[in-house]
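Enquirer: Need coordinates for the following:
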Amino acid sequence: MKFRPCIDIHNGKVKQIVGGSLKDEGDMAQTNFTSEQDAAWYAEKYKQDGLKGGHIILLNSRDSEYFEATKAQALLALSVYPGGMQIGGGITAENAEEYLDAGASHVIVTSYIFREGEVDRSRLRRLKEMVGKERIVLDLSCRKKGDEYYIVTNRWQTFTREKLSEELLDEMAQYCDEFLVHGVDVEGKSSGVEGELVELLGRWEGIPVTYAGGIGSMEELEKFKNLGHGKLDFTIGSALDLFGGTIPYKNLLCL
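Expert: As a prediction, the model looks like this:
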């Protein structure tokens, strides 16, 4: 279990938002924190502290008037820490190499591999052929509907018909190096993890998985460790003191 840092960028600024509040219309989101520092500042800090495998997420759609400003921040961070961070947000087989060439260790992909609510395996194969399995992270972030967790796309706004399960993880693992899973309904709320989701991910035996969502204290982090049997990596955003929260960043460097 290790800490994976993050840089979330929205409307050209490093922010922490409530994940489920994100809306493309009007580029709106409930914001917990807007940093006075740019993305490069965070990338340099993570580099100095030897943290690898964190993620940069572009939270604007490609149609947004803010997309180019958001992308510019992301590229700046990659240039500061080449090979040190992953990047996601609007990644396709056609543009993945641009971000890898800019310094990303991996591309994080969600919406591109879904079509009409289901996994598009032809797109998965194309992506794998273009950049290689070893440089792909599949984002299977999900929200609960009834008793099941369903994968959501389009910056967590659209439910697919795909349920997150050990069987789906088994299949998708042949196309990627890692998984990233946000518990979207608790993302940015520091209100506790999605326990059932963490348990599901912790039971699965496969490639590395990073979980994000709801870790709001060191006590909650210990609970997360127990639920996931110490097998899952994690990210903390809004609750971290770097982003206006109360969990000391320095404490996570010692794990």
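Enquirer: Contacts made by the host helix or strand of Lys250 with the rest, please.
Expert: Assigned by DSSP states H and E, Lys250 belongs to helix 249-252. By CB atoms under 8 Å, 6 or more residues apart in numbering, the residues outside helix 249-252 that reach it are Phe3, Met218, Ile236, Leu240, Asp241, Leu242. Glycine gets a C-beta too; all of them are placed from N, C-alpha and C.
Enquirer: now for the lowest-mean-pLDDT helix or strand in the chain, which elements pack on it?
Expert: In the chain, no helix or strand scores lower on mean pLDDT, DSSP states H and E than strand 31-34, which sits at a mean of 80. The contact analysis (3 or more CB pairs under 8 Å, 6 or more residues apart in numbering; DSSP states H and E) places strand 31-34 against strand 13-17.
Enquirer: List of residues touching the strand it packs on?
Expert: So strand 13-17 is contacted by 7-10, 29-35, 37-39, 42, 59, 73, 188, 237-238, 243-244 (CB under 8 Å, 6+ apart).
Enquirer: try 6 Å
Expert: Residues outside strand 13-17 that contact it (CB atoms under 6 Å, 6 or more residues apart in numbering): 7-8, 29, 31-35, 39, 188, 237-238, 243.
Enquirer: Would you agree His55 is in contact with Gly89?
Expert: No: the pair His55 / Gly89 is not scored as a contact, 9.6 Å apart, by CB atoms under 6 Å.
Enquirer: So for these two, which residue has more residues nearby?
Expert: Remark: of His55 and Gly89, Gly89 carries more neighbours, 27 against 24, as counted by other CB atoms under 10 Å.
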